[in-house]
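>>> The following comprises the amino acid sequence and a computationally predicted model.
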Number of protein chains: 2
Amino acid sequence: MALAHAILASLIDTPLSGYDLAQQFDGSVGYFWAASHQQIYRELSKLEQQGWIAGETVLQTGKPDKKLYCVTEIGKQQLKSWMAEFSEPSPIKDDLLVKIFAGYVAPQAIAIELKRHQKAHQERLAVYKTIEQKYFSNPQTLPETEKFKYLTLLNGISYETHWLAWIDRAIQLLKSSNPK
Amino acid sequence: MALAHAILASLIDTPLSGYDLAQQFDGSVGYFWAASHQQIYRELSKLEQQGWIAGETVLQTGKPDKKLYCVTEIGKQQLKSWMAEFSEPSPIKDDLLVKIFAGYVAPQAIAIELKRHQKAHQERLAVYKTIEQKYFSNPQTLPETEKFKYLTLLNGISYETHWLAWIDRAIQLLKSSNPK
DNA sequence: TCTGCCATGTAAGTTGTTACATGATTAT
DNA sequence: ATAATCATGTAACAACTTACATGGCAGA
């Protein structure tokens, strides 16, 4: 359900094409709700059919035509009522944790995986910190809307920090048990 | 893919029935790879067909018969090679963050949601801490296998702590902007 | 010339969710 | 009586992934 609403949320401020949305979902919103371009196009067709969004084809010279979508009144109402609904914390699905739980390999192999993940989380964190410095260096003076976006960014930073701390601990714990 | 392997991992130590597995997935492994009983039964049929596991029907008195599955040699190999594969950090999918990002409701409504989630995370954390005290009160003396399970528990604790800290910050930030 | 970006989609397959179905036993 | 637990599944649907497909334009 949330993909539809994440799209609505993205279209509230500015009309976007499917392509634009796919870009957006590869960053910003995509950091906490990933979606491929195929999913997005499919969802857009469905939303247009339902009348939650309206599309308008824009002819372009030198580039393929694009179709800009914006949210209809019905769409806005739908978004609002979805926002008012309760939601549960989303269940975790994590390969790495399944692997570690299984513990069916040499600790060495796991250590390598841990280091790969460490690198990935460090990179993600660096991206978030850059965004923070660029757009949110002064949180006190942010307008309401921006405060919400800032909160999601803080969540990302907190999340990556948690992972990095845990990985450190994990590496340490595995080392202590395997001195060789 | 990981469901199959999570099941294999669960069956490595002891043979279990679909029902038993469903119970397990509602706790322990389920904390980082959720699956419903329908999914589990479907996956079990598939795994048996592929020859990764072998099922044996056990007649019971007073209870319906059950089918115990154990991992075959092929299954063990599959699990091992999957464990050696690289995996990426799993993408986040979180309703609450989409809602906050959209910021399309009264801050009040969001504050209510935040408190609901706070409660849920507190409960989860309490469960983890209980497990820690019960089974892992002395991490130094744990055998290798148990160390891995302990690590996943630590991850859970770290994760819930991260959420709780973020929620505190979020509530605070929303309050400061809306004194009324 | 080849890579990458712009822009849109289809098709097939896997995974996950929701609802339905059965039937015996045990506890309230 | 009624509800809950044990135990197993089917069926329909929704969501997601992977691969394939097209075609022009800009830059190295």
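That came through fine.
>>> Got phi/psi on A:His143?
I think there's a mix-up here, since residue A:143 is Pro and not His. When quoted as degrees, to the nearest 10, the phi and psi of A:Pro143 stand at phi -70, psi 160.
>>> The one 10 residues further on too?
With angles defined as degrees, to the nearest 10, A:Leu153 sits at phi -70, psi -40.
>>> Might one say that it is in contact with A:Ile131?
Yes: judged on C-beta atoms under 8 Å, A:Leu153 makes contact with A:Ile131 at a distance of 6.1 Å. Glycine gets a C-beta too; all of them are placed from N, C-alpha and C.
>>> Give me the residue at the spatial middle of chain A.
The residue lying closest to the centre of chain A (C-alpha atoms, centre = their mean) is A:Tyr31, at 2.0 Å.
>>> what residues are up against that residue?
With contact set as C-beta atoms under 8 Å, 6 or more residues apart in numbering or on different chains, A:Tyr31 has these partners: A:Thr152, A:Gly156, B:Ile92.
>>> Most neighbours of all the residues you listed, which one?
Neighbour counts for the contacts of A:Tyr31 (other C-beta atoms under 10 Å in any protein chain shown) peak at A:Thr152, which has 24 neighbours.
>>> Do the helix or strand containing that residue and chain B come into contact?
According to DSSP states H and E, A:Thr152 maps onto helix A:144-177. Yes: if you take C-beta under 8 Å from any C-beta of the partner chain as the test, helix A:144-177 does meet chain B, through A:144-145, A:147-152, A:154-155, A:158-159, A:161-163, A:165-166, A:169-170, A:173-174, A:177.
>>> now stretch A:115-134
Yes: under the criterion of C-beta under 8 Å from any C-beta, chain B is reached by stretch A:115-134 at A:Arg116, A:His117, A:Ala120, A:His121, A:Arg124.
>>> Stretch A:77-85 too?
Yes: using C-beta under 8 Å from any C-beta, stretch A:77-85 reaches chain B at A:Leu79, A:Lys80, A:Trp82, A:Met83, A:Ala84.
>>> what does that stretch rub up against?
A:Met1, A:His5, A:Leu8, A:Ala9, A:Ile12, A:Trp52, A:Val71, B:Lys99, B:Ala102, B:Tyr104, B:Val105, B:Ala109.
>>> sorry, back to before: buried ones from the residues of stretch A:115-134 next to chain B, can you make that a ChimeraX selection?
One line in ChimeraX is enough to select the buried members of the residues of stretch A:115-134 next to chain B, burial here meaning 16 or more other C-beta atoms under 10 Å in any protein chain shown:
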select /A:117,121,124
